[in-house]
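S.K.: Let me see the structure of the following:
(one chain, ligands or ions: 2)
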Amino acid sequence: MRKVTVAIIGAGTAGLTAYRAARKHTDSILLIDPGPLGTTCARVGCMPSKLLIAAADTAWHMRHADMFGVSAADIQVDGHKVMQRVRRMRDRFVGKVLEGMESIPEQDMLHKPVRFISDHLLETADGQLIEAEKIVIATGSRPAVPEFLQKAGKRLLLNDDLFELDTLPESVAVFGPGVIGLELGQALLRLGVRVRMFGVGGAVGPIGDDEIRQAAVQCFSAEFPLDPDAQVKEIRETDRAVEVTFIHTDEKPLTEHFDYLLAATGRRPNVDRLGLDQTHLQLDDRGVPVFDPQTLQCSVEHIFIAGDANNHLPLLHEAADEGGIAGRNAALLPDVQPGDRTVPLAVVFSDPQIATIGMRPANIHEQFSGRFAEAVYDFAYQARAKVLGRDRGLMKVWAETGSGTLLGAEILGPDAEHLAHLLAWAMQQQLSVSDLLAMPYYHPVLEEGLRSLLRDLQTRL
Ligand SMILES: Cc1cc2nc3c(=O)[nH]c(=O)nc-3n(C[C@H](O)[C@H](O)[C@H](O)COP(=O)(O)OP(=O)(O)OC[C@H]3O[C@@H](n4cnc5c(N)ncnc54)[C@H](O)[C@@H]3O)c2cc1C
Ligand SMILES: NC(=O)c1ccc[n+]([C@@H]2O[C@H](COP(=O)([O-])OP(=O)(O)OC[C@H]3O[C@@H](n4cnc5c(N)ncnc54)[C@H](O)[C@@H]3O)[C@@H](O)[C@H]2O)c1
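M.R.: Ligands and ions are numbered 1, 2, ... in the order given. Okay, the predicted model is just below:
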């Protein structure tokens, strides 16, 4: 039996940062992962999706060049070349991660999946035992595919599969207008793929505010058929397609055929195959260990959980931050300290982009009832957005009455990624509306739209 001070299960973003943080305090450490290595973000997540979107944006701008009096005639999208670049660049990003892992001594790694057989004991499939004083779970997540979508058979695509396609398909039915569905579905559409998007319950992306959600539905459905609350009657795999029967706007059933069905219906943490029932860990109703988001410590004091595995904030920068906190706390147990968590920030790389910053609207309504004000801004009136031909979307900011402290914001609009950072950084510094209004604003820039919103918000405080 191998005995170690710290075992880290999963060598993705969270696991690797946990390893580096723990390694500062102990040499007795084991990083366990059967692979494929290289992180979800670089292999099948953030990076290949952004590469596909970059190609799609280029095609879209060329197609819309006419509005500026510029003609880009005969635009061709070469599906093979698009996918080749996605994979070539993706492989570089993965290569960088693997290169970074070369500094990890081979004796610190175990390339096998493990399960718990007790609070301190892990076992590989071939019976190898590892006794660990402290354990960090960092096993990530995988797509959650509802049973009825499985009827698409071999025409069912997950994000992992999409990037392996040799060329672009002719048509794709996208299930789930969440973050992945919007990003990949819109990118495919802009590359010339026929896309129809189906949702449930009306949700679009991570948007919490109803007015912004409705604006998003309007915006996206002007570009492709999107039903955020679809009634899908049947999914069937045929010899040459996947057949989707759904209730159309005229209340009649309609059947359409697609090359593929892309399931983007959410992700589930990889904790169900870890043998957690063999431990004393307290689990929530989804089977995820209950944990403290500040320290990442679970109910069994020597076990920590970081990254997508805890399903708290399944984003790259959060996985990295959590890995660092969990690795440090595991190594130094019982000296467990709350780590620095940053203001919540999420960006969807659709067009228009979507961003959520700080507290969610529902929480603001609950926790600041009668003590907050909000203001909304329509990008249709924004000079810079009009110049760029990208004047679609809404932005909302919430602030506490009296103090004027910024509480949260949601943006559907051009370059939301940058405005979102500005707001997140301001919130992290606990700036107020008047603090932000005292900042310089150039002309003509998108930030002037934020200033108009803040002036309006100031009058409501
Ligand atoms: C299509 C897509 C696009 C995305 N885009 C963005 C984006 O633009 N921005 C952003 O912030 N986030 C994005 N994300 C989310 C981001 O990729 C994840 O939040 C992040 O990669 C999670 O890191 P992690 O370390 O928790 O998991 P991972 O990187 O998945 O690492 C988990 C590791 O655990 C290993 N493992 C699993 N089970 C076991 C076991 N039993 N034993 C040992 N090892 C095991 C796996 O092999 C894997 O290496 C995207 C995700 C997807 C799917
Ligand atoms: N830009 C980014 O930061 C980025 C990009 C991609 C993924 N991610 C991360 O990955 C996570 C997972 O992304 P995701 O898009 O899979 O999940 P998600 O939770 O964002 O969206 C899932 C969507 O599927 C819908 N849905 C569920 N069941 C359905 C069904 N049967 N039919 C139709 N629709 C259904 C949900 O209502 C929701 O709108 C995100 O929450 C995010 O944390 C981040």
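
S.K.: use CA for all of it now, contacts and neighbours both
M.R.: Will do.

S.K.: ok, which stretches of the protein are helices?
M.R.: Chain-ordered helices for the chain, with DSSP state H as the definition, fall at 13-23, 40-43, 46-63, 79-101, 159-162, 179-190, 210-221, 316-332, 361-367, 383-388, 416-428, 433-437, 447-460.

S.K.: would you turn the ones you listed into a markdown table with mean pLDDT, mean neighbour count and distance to residue 404?
M.R.: Listed next are the helices of the chain as a markdown table, based on pLDDT from 0 to 100; neighbours: other Cα atoms under 10 Å; distance: least, Cα to Cα, whole Å:
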| stretch | mean pLDDT | mean neighbour count | distance to residue 404 |
| --- | --- | --- | --- |
| helix 13-23 | 98 | 26 | 36 |
| helix 40-43 | 98 | 21 | 37 |
| helix 46-63 | 97 | 19 | 35 |
| helix 79-101 | 98 | 16 | 42 |
| helix 159-162 | 92 | 16 | 42 |
| helix 179-190 | 98 | 24 | 31 |
| helix 210-221 | 98 | 17 | 22 |
| helix 316-332 | 98 | 26 | 27 |
| helix 361-367 | 98 | 14 | 14 |
| helix 383-388 | 96 | 16 | 27 |
| helix 416-428 | 98 | 19 | 11 |
| helix 433-437 | 98 | 17 | 5 |
| helix 447-460 | 98 | 18 | 8 |
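
S.K.: Format those helices as CSV; extra columns: distance to residue 394.
M.R.: Output for these, formatted as CSV (distance: least, Cα to Cα, whole Å):
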stretch, distance to residue 394
helix 13-23, 33
helix 40-43, 29
helix 46-63, 21
helix 79-101, 31
helix 159-162, 29
helix 179-190, 17
helix 210-221, 6
helix 316-332, 26
helix 361-367, 15
helix 383-388, 12
helix 416-428, 10
helix 433-437, 18
helix 447-460, 10
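
S.K.: quick one: contacts for residue 327?
M.R.: With contact taken as Cα atoms under 8 Å, 6 or more residues apart in numbering, residue 327 is in contact with 17-22, 136.

S.K.: try 10 Å this time
M.R.: Contacts for residue 327 (Cα atoms under 10 Å, 6 or more residues apart in numbering) come out as 6-8, 14-25, 134-136, 296, 304-306.

S.K.: Those residues: which ones sit near ligand 1?
M.R.: The overlap between those and the neighbours of ligand 1 (Cα under 6 Å from any ligand atom) comes to 14-15.

S.K.: I figured residue 245 hits residue 198, correct?
M.R.: No. Here residue 245 lies out of contact with residue 198, judged by Cα atoms under 10 Å, at a distance of 11.3 Å.

S.K.: who has more neighbours, these two?
M.R.: The neighbour count for residue 245 versus residue 198, taken as other Cα atoms under 10 Å, is higher for residue 198 (21 against 16).

S.K.: Any chance you could list residues touching both of residue 245 and residue 198?
M.R.: Joint contacts of residue 245 and residue 198 (Cα under 10 Å, 6+ apart) are 231-232.

S.K.: which ones are touching residue 286?
M.R.: In this structure, residue 286 makes contact with 268-269, 271-272, 311, judged by Cα under 10 Å, 6+ apart.
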